[in-house]
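Participant: Need coordinates for the below:
(chains A and B)
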Amino acid sequence: MEAIVLQVLNGLDKGSAYALIALGLTLIFGTLGVVNFAHGALFMIGAFCAVTLSKLLTVSHIVIDETKTDFLGNPAKVEVPYLYDVFGQATGDVIIDWAVPISILVAIPVMMAIGVAMERGLIKHFYKRPHADQILVTFGLAIVLQEIIKYFYGANPIPTPAPEVFAGSFDFGTLLGFDPNLVIYPYWRLVYFAFAAVVIGGVFSFLQFTTFGMVVRAGMQDRETVGLLGINIDKRFTIMFGLAAAVAGIAGVMYTPINSPNYHMGMDFLVLSFVVVVVGGMGSLGGAVLAGFLLGILESFASMGQVLEVLPGINQVILYVVAIVILLTRPRGLMGRPGVMED
Amino acid sequence: MLGLNARDLQILLLVAILTMFAPFFLNPFPVDSSLAQFNAGYPDLMQRFVIFGIFAIGFNILFGLTGYLSFGHAAFLGAGSYAAIWMMKLLTMNIIPAITLSIIVAGLFSLAVGYISLRRSGIYFSILTLAFAQMSYSLAYSVLTPITGGETGLQPKSNDPRILDGALEPGEQARASLFGMEMSSSYELVVSGWVFTFNVGYYVAAFLMLVSFYASIRIFRSPFGLMLRAVKSNQNRLGYTGVSARPYNLAAFVISGMYAGLAGGLMVAMDTQAGAERMFWTASGEVVLMTILGGAGTLIGPVLGAGMIKYMENIISKINQSVLESWFAWAPDFLQDFIVAVIYPFVGKGWHLTLGLMFMLVVIFLPGGLMQGIGKIGALFSRKKPNDRDSVAGSTPAAAE
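Facilitator: The predicted structure is shown next:
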């Protein structure tokens, strides 16, 4: 029993990342009809926003500390972040400690800007071209973005810790009446799940309860008619592209403490995110989120020892098997609208 | 001659001359000149040119003719590699059984994958093939370790059975050969400063590439090839005329899978090892890059693209900061620093960036690939009407669809 609870929990954080990336992919596909192979790169850039900010916050100057001496007996030189000068040491430490969550504030405008620039500068010219060309050009863009990051940050993963408060693990089992230490779960993963839930809820309520969202949904149904009604749908779709980029970006920001970011982390997630989108149904936002969590949990169940004894190696391939079965038996996915990309 | 029209024969002869005299063409600089690092005429790289050329020619039969974009072709190359290495371990180090089996295994594997994947088209087909390839990669890495050697891969060992070969002398290494001619042996011709290397393995691979190139010309010009083009331009209309497209698609898929298997078998014949990383999806992406860069749907394009990417991978990646500095040593210091700083991100370890940018530019501006570019330049200089420009490509580069 506790094993099952543990696997569900383990699946949630990976599922959250899948769901967030797949949500962005689906937003882009549903609005603009573009298959964006560069979406993983956006996730990766988001993660590097966090890396950059935590580096920037600790930019230091050297002062001579009279109270300490180094091994030669001279007054020791101490690096002091500029942040201390502005906020004082206590507040400065807190800010540095919370660099990752703070990065979200930076990442949203940055990613919005990147997304809008990408749509206006590149993707716009590919609406009339076949899907294969869209895949190819975004694939090329992903390589370019990846290499730019590699040039500036190197090829090694850069550890970026979560705030001190979330460093430990939470004994989830005691809540449900199991023995202590049976079901323990890192705090940050809980935070990630809660964060993903908030973002997903935010995106859905934005689409559901605002006029802007209403127009976008109408445009997803029938772009031409909305355009004929005198609404500038292209502009709104551009903003949705920016929003999708921002969702991928902040998903990347919050993922940094779970997995140290490196330049190819986006590609690793991208392949699986496509699987998620296909299983959920091309163009269905709810489907993407549902499939993201389901597949995340399924993957962690498949890596249980008992399952591996029966079906060795199943954890490596389960997602692909599910995708193949779904594509062959129910091409529109779990929640896809009939008629959308059913070929 | 050979069942080709005059123009195709010219192309075939051109490719034949280029491949047969490649050790000369690729070694234009004397060994001790400062430009010697641009020489690509060493056996390892030349072998790669032709092997990836075969891979890309095969991929082009699928993507260039039918328009089905497979993102999983490396799986067939990997399967071919494993088949070849097992043949070398069990039967003989002679490469003929190894390559034959690798083509057969890759063909059967692609038949199975294609039968399932081709039920869908467009983006779904791409994702299905990607899923199959990633699945094969993961399995080769984990569960199938007894067959694939897992992370370490497979190499011929001294205690392998090798039924047809005699037992090895103690200390003797198993080397791939063709009736006694070792793949790694080569003859060096020294002409005052230039060194030209003629490698057995390269000529075996080059001969097989010429054969596969010839086969691909025949496929392009055959009624079967026309049916494949019909699939690309309008599959629905093909259905209305009462023709089922699936057998044709499947045949194209299997043929291109067999080409991939041949490439995989040849790789093993050259370096006698096989590993799962050959199946990783970036390897599939690479052949897509090659084909598009050179020009999908053209005859020579994929070979050109393969050569270009492999050249960049091996030559451009060797240019480092000090090399750049020595090139621009003539410039004043500030200018030299500036030029080096501008160029440096694009060479050396950053060659992927150049590749990515080039690929994007080609997809955006030249959907027909470099061949279309050459055609356009050719049209500028010739007085012919612009619609004659495909005479360079030998087939229609109007693959932009």
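Participant: Residues in contact with stretch B:187-195: which ones?
Facilitator: B:27, B:30-33, B:196-198 (CB atoms under 8 Å, 6 or more residues apart in numbering or on different chains). All C-beta atoms are positioned from the backbone trio N, CA, C, and that covers glycine.
Participant: And the pLDDT for the closest residue to chain A within the stretch 1-150 of chain B?
Facilitator: Relative to chain A, the nearest point of the stretch 1-150 of chain B is residue B:143 (3.1 Å; CB to the nearest CB). We have a pLDDT of 82 for residue B:143.
Participant: same deal with the one 10 residues further on?
Facilitator: With respect to pLDDT, residue B:153 scores 84.
Participant: What pLDDT is listed against the residue lying closest to it once chain neighbours are set aside?
Facilitator: In this structure, residue B:153 finds its nearest non-sequential neighbour in residue B:275, 3.3 Å apart by CB to CB, 6 or more residues apart in numbering or on different chains. Here the pLDDT value assigned to residue B:275 is 86.
Participant: Strands of chain B, start to end?
Facilitator: Along chain B, the segments classed as strands by DSSP state E run B:177-178, B:181-182, B:186-191, B:194-199.
Participant: In chain B, which residue is most central in space?
Facilitator: residue B:52 (1.8 Å; CA atoms, centre = their mean).
Participant: residues in contact with the closest residue to it other than its chain neighbours?
Facilitator: Take residue B:52 and drop its neighbours on the chain: the residue closest to it by CB to CB, 6+ apart is residue B:306, 4.0 Å away. Residues in contact with residue B:306 (CB under 8 Å, 6+ apart) are B:49, B:52-53, B:55-56, B:287, B:290, B:294.
Participant: worst-scoring helix or strand of chain B, pLDDT-wise?
Facilitator: Within chain B, confidence by mean pLDDT, DSSP states H and E is lowest for helix B:390-393 among all helices and strands, at a mean of 44.
Participant: burial measure for the residue of the stretch 1-150 of chain B closest to chain A, as a count.
Facilitator: 18 (other CB atoms under 10 Å in any protein chain shown).
Participant: Tell me the confidence at the nearest residue in space to it that is not next to it in sequence?
Facilitator: With CB to CB, 6+ apart as the criterion, residue B:143 has its nearest non-adjacent residue at 3.1 Å, and that residue is residue A:313. pLDDT, residue A:313: 74.
Participant: mind checking how far residue A:313 is from residue A:306?
Facilitator: 14 Å (CB to CB, to the nearest Å).
Participant: More neighbours: those two, which one.
Facilitator: residue A:313 (17 against 8).
Participant: any idea whether residue A:335 is helix, strand or coil?
Facilitator: coil (DSSP: H, G, I helix; E, B strand; the rest coil).
Participant: confidence score at it?
Facilitator: 81.
Participant: How about the contacts made by it?
Facilitator: Applying CB under 8 Å, 6+ apart, the residues contacting residue A:335 are A:280-281, A:284, A:286-287, A:290.
Participant: Run a quick neighbour tally on residue A:271.
Facilitator: So residue A:271, with other CB under 10 Å, has 19 neighbours.
Participant: Could you check which helix or strand contains it?
Facilitator: Assessed by DSSP states H and E, residue A:271 sits inside helix A:265-280.
Participant: counting contacts, what elements does the longest strand belonging to chain A pack onto?
Facilitator: Counting residues, the longest strand found in chain A (DSSP E) is strand A:60-69. Contacts defined by 3 or more CB pairs under 8 Å, 6 or more residues apart in numbering or on different chains; DSSP states H and E place strand A:60-69 against strand A:75-81.
Participant: List of residues touching the next helix or strand after the strand it packs on?
Facilitator: On the C-terminal side of strand A:75-81, the closest following helix or strand by DSSP H and E is helix A:82-87. Contact with helix A:82-87 is made by A:57-61, A:92, A:95-96, as judged by CB under 8 Å, 6+ apart.
Participant: Now do the same contact list for residue B:353.
Facilitator: So residue B:353 contacts A:143-144, A:147-148, A:151, B:345-346 (CB under 8 Å, 6+ apart).
Participant: And it, what's its pLDDT?
Facilitator: Residue B:353 is given a pLDDT of 88.
Participant: Please apply the same query to residue B:395.
Facilitator: 43.
Participant: just residue A:328 next, same as before
Facilitator: For residue A:328, pLDDT reads 81.
Participant: Isn't it up against residue B:118?
Facilitator: No: Residue A:328 is beyond contact range of residue B:118, at 11.0 Å (criterion: CB atoms under 8 Å).
Participant: Show me which of those two is the more surrounded one.
Facilitator: Legend: neighbour count by other CB under 10 Å for residue A:328 and residue B:118, higher for residue B:118 (22 against 14).
Participant: wait, what's in contact with that one?
Facilitator: If you count contacts by CB under 8 Å, 6+ apart, then residue B:118 has B:68, B:125, B:246, B:249-250, B:253 around it.
Participant: Any stretches of the stretch 251-400 of chain B with poor pLDDT?
Facilitator: Low-confidence segments of the stretch 251-400 of chain B, defined by pLDDT under 70: B:383-400.
Participant: at 90 instead, please
Facilitator: Across the stretch 251-400 of chain B, the ranges flagged by pLDDT under 90 are B:270-283, B:285-286, B:289, B:293-300, B:308, B:311-356, B:358-359, B:361-400.
Participant: Can you show me the helices along it?
Facilitator: Secondary structure of the stretch 251-400 of chain B (DSSP state H, counting those that start in this stretch): helices at B:281-294, B:301-314, B:321-327, B:333-343, B:351-365, B:369-381, B:390-393.
Participant: Present the ones you listed as JSON lines; the columns should include distance to residue A:266.
Facilitator: Formatted as JSON lines, those follow (distance: least, CB to CB, whole Å):
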{"stretch": "helix B:281-294", "distance to residue A:266": "13"}
{"stretch": "helix B:301-314", "distance to residue A:266": "22"}
{"stretch": "helix B:321-327", "distance to residue A:266": "28"}
{"stretch": "helix B:333-343", "distance to residue A:266": "27"}
{"stretch": "helix B:351-365", "distance to residue A:266": "14"}
{"stretch": "helix B:369-381", "distance to residue A:266": "27"}
{"stretch": "helix B:390-393", "distance to residue A:266": "35"}
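Participant: was I right about residue B:105 contacting residue B:81?
Facilitator: No: using CB under 8 Å, residue B:105 is not in contact with residue B:81; the gap is 9.7 Å.
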